[in-house]
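> sequence? don't have it. structure:
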């Protein structure tokens, strides 16, 4: 398994398993199958409500904590009794008065661990600076090996200096052949921030595949030349850009296929063909909607990269 060395020296497997929406009744068995297949990185979040299930699976199958890399995330939903709603749902947005520190500690308790390998701010909501500040405290106490962010634009990242002297180790955001995110990838990698792709093959709230990609007639000939699936080719396209991937599946065949992407290489021409599919279209949250929460003096960083 190839690893990416993060900006603080921590090594992170370049392929992991995304766990959101994997049915609870099959999640433990999926963790076991993935581990036996060679996966060592598991991606979860407070918002996925499966941290405890993952911890229980590791214990049930005698998987040593030190043998796996656990990523979790701090989400704004944790601060409200009924989650963070929109429209009429905002009427249910009653604060539960939990401190940010307490919510972070809940993830430690759920995962039944005294350290977490990577802890991300799940999205740049209105309190993203507060959340990153608390993660910084846990990091400096040695309880978190690396901290990072998810779906952050340059303006969000630059604003973090208001509360922390720690550059994020990882930025996890949507990347796919339909949204290649080249400027943001370049920005992050130049700053020493590792890039992790999310929602490459489906909307994060869905298990339905994104057929424009998984059945792409443009990518299919490349897959056939290499004797691989279209999904494997797209994962390889990401990995050749030094991007960490966390494809979600509970199918044993797909678990094997998604990690079997190190025995072939795409040519520069093949990489360009996949790049050419870019439409710059977000399937998930558009993070430009969250720039309103960034202090004014940092917003120009996005304009420089023409991201919005």
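Ah, there it is. From a predicted model like this one, the values you see are computed outputs, not experimental measurements. Residues are numbered from 1 along each chain as shown.
> how about the strands in the stretch 1-150 of the chain?
Using DSSP state E, counting those that start in this stretch, the strands found in the stretch 1-150 of the chain span residues 3-5, 11-13, 17-18, 41-43, 69-74, 116-121, 144-150.
> Can I get those in JSON lines including mean pLDDT?
As requested, the strands of the stretch 1-150 of the chain are exported to JSON lines (pLDDT from 0 to 100):
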{"stretch": "strand 3-5", "mean pLDDT": "98"}
{"stretch": "strand 11-13", "mean pLDDT": "98"}
{"stretch": "strand 17-18", "mean pLDDT": "96"}
{"stretch": "strand 41-43", "mean pLDDT": "98"}
{"stretch": "strand 69-74", "mean pLDDT": "97"}
{"stretch": "strand 116-121", "mean pLDDT": "98"}
{"stretch": "strand 144-150", "mean pLDDT": "98"}
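> Among those, which comes closest to residue 174?
Closest to residue 174 of the strands of the stretch 1-150 of the chain is strand 144-150 (Cβ to Cβ; 9.7 Å). Glycine gets a C-beta too; all of them are placed from N, C-alpha and C.
> Would you map the helices across the protein?
With DSSP state H as the criterion, the chain has helices at 27-37, 51-60, 100-111, 128-140, 154-159, 182-190, 211-214, 220-226, 230-239, 252-259, 268-275, 300-304.
> With distance to residue 7 added, can I get the ones you listed in JSON lines?
Shown next, in JSON lines, are the helices of the chain (distance: least, Cβ to Cβ, whole Å):
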{"stretch": "helix 27-37", "distance to residue 7": "27"}
{"stretch": "helix 51-60", "distance to residue 7": "25"}
{"stretch": "helix 100-111", "distance to residue 7": "21"}
{"stretch": "helix 128-140", "distance to residue 7": "12"}
{"stretch": "helix 154-159", "distance to residue 7": "13"}
{"stretch": "helix 182-190", "distance to residue 7": "10"}
{"stretch": "helix 211-214", "distance to residue 7": "30"}
{"stretch": "helix 220-226", "distance to residue 7": "32"}
{"stretch": "helix 230-239", "distance to residue 7": "19"}
{"stretch": "helix 252-259", "distance to residue 7": "25"}
{"stretch": "helix 268-275", "distance to residue 7": "25"}
{"stretch": "helix 300-304", "distance to residue 7": "19"}
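> okay if I get the ones you listed as JSON lines plus mean pLDDT?
Rendered in JSON lines, the data for those read as follows (pLDDT from 0 to 100):
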{"stretch": "helix 27-37", "mean pLDDT": "98"}
{"stretch": "helix 51-60", "mean pLDDT": "97"}
{"stretch": "helix 100-111", "mean pLDDT": "94"}
{"stretch": "helix 128-140", "mean pLDDT": "97"}
{"stretch": "helix 154-159", "mean pLDDT": "98"}
{"stretch": "helix 182-190", "mean pLDDT": "96"}
{"stretch": "helix 211-214", "mean pLDDT": "90"}
{"stretch": "helix 220-226", "mean pLDDT": "98"}
{"stretch": "helix 230-239", "mean pLDDT": "98"}
{"stretch": "helix 252-259", "mean pLDDT": "97"}
{"stretch": "helix 268-275", "mean pLDDT": "98"}
{"stretch": "helix 300-304", "mean pLDDT": "86"}
